[in-house]
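Q: quick one: sequence plus predicted model below, questions after.
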Amino acid sequence: MEQGKEGVMVAKMMLQQNPIEQFQVRFKELETQFKAWLAKQSLPVEVALVTATSAAQGAAIGALMGTLTNDMPSSLPATPPQGSPQVMASFQQAQSLAGGPLVQARNFAVITGVNAGITSVMRRLRGKEDVQSSMVAAFGSGAMFTLVSGMGAGAPNQAANAITSGLFFALVQGGLFKLGEKFSKPPVEDVFYTKTRSMLYNLGLQNFEKNFKKGLLTDSTLPLLTDSALRDAKIPPGPRLLILDHIQRDPEMRSRQGRGR
């Protein structure tokens, strides 16, 4: 018995002294403190720091990806294909995306740094983060990425290529933002059917909730329900009897029925 208690105590001590968990907790604390301190700084200071830190993170990710995909440039032809300006631009875009660690580090640093900087500006100016701010930041990062990576070099109008890339980035970011909102937000409960839903679940008749909604039988109509109203909502006789009996037994609904008369 004593050995079992000792084993539990040792396990708890090991859990408390887990260096990985301690590091994660400490990192989260430092991140929270840094964000709180950053919010108190002026806009130029915040933008500069956020851009620098995000660019450093992007550079690290880009360097890693460039190392993993270092063989891709060898699959491209040594000389650019001859053809229309669109073909040349596509070839140069493929070259920029297939660069080595340094090229990828530069590209990702530009994308993440510019995006984070513009996001900070938009948040300060508008006081919130929404899809418009997200798309503006994505447009800026996409346009800057095009200019810095040289994707538009040799094309008739480099500025047009930058605008096109910025619009593409903005559309993708806007779609991802909306998709994230859809899946991150819990479903909104219909406040007009709270009591109705509770009653149906208590009676085991939750499958008839859609009938109530189609018939516009909201919570406010519960004390007024009659057999004919439930029949019009296409609810079978058995469930109708259970619902009417529940309403008659409920003190609150009975009092509301009395006031209605």
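A: Happy to help now that I have it. A quick note: this is a predicted structure, and the numbers were derived from the prediction, not measured.
Q: and the helices in the stretch 1-150 of the chain?
A: Under the criterion DSSP state H, counting those that start in this stretch, the stretch 1-150 of the chain contains helices at 2-16, 19-39, 43-68, 85-97, 101-126, 131-149.
Q: list the contacts of Met253.
A: By Cβ atoms under 8 Å, 6 or more residues apart in numbering, the residues touching Met253 are Leu222, Pro223, Ile247. The C-beta positions use only the backbone N, C-alpha and C, and glycine is treated the same way.
Q: secondary structure element for it?
A: Take DSSP states H and E as the rule and Met253 turns out to sit in helix 251-260.
Q: what would the helices of the stretch 1-150 of the chain look like in a markdown table with mean pLDDT and distance to Thr196?
A: Formatted as a markdown table, the helices of the stretch 1-150 of the chain follow (pLDDT from 0 to 100; distance: least, Cβ to Cβ, whole Å):
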| stretch | mean pLDDT | distance to Thr196 |
| --- | --- | --- |
| helix 2-16 | 50 | 47 |
| helix 19-39 | 77 | 43 |
| helix 43-68 | 88 | 48 |
| helix 85-97 | 50 | 55 |
| helix 101-126 | 88 | 40 |
| helix 131-149 | 89 | 34 |
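Q: any idea how far Leu102 is from the closest residue to Leu38 other than its chain neighbours?
A: Leaving aside its chain neighbours, Leu38 sits nearest to Glu46 (5.5 Å; criterion: Cβ to Cβ, 6 or more residues apart in numbering). To Leu102, Glu46 is 29 Å away according to Cβ to Cβ, to the nearest Å.
Q: more neighbours, these two?
A: Set Glu46 next to Leu102 and count neighbours by other Cβ atoms under 10 Å: Glu46 wins out with 19 against 12.
Q: tell me the spacing between the more buried one and Ala56.
A: Glu46 is 16 Å from Ala56, where distance means Cβ to Cβ.
Q: what of Leu68?
A: 19 Å.
Q: who's more crowded, those two?
A: Set Leu68 next to Ala56 and count neighbours by other Cβ under 10 Å: Ala56 wins out with 14 against 11.
Q: chain neighbours aside, what residue packs nearest to the more buried one?
A: Ala109 (7.3 Å).
Q: check the burial of that neighbour by counting its neighbours.
A: Per other Cβ under 10 Å, the neighbour tally for Ala109 reads 24.
Q: and the gap between Ile111 and Gly204?
A: 54 Å.
Q: who has more neighbours out of those two?
A: Higher neighbour count among Ile111 and Gly204: Ile111, with 24 against 9, using other Cβ under 10 Å.
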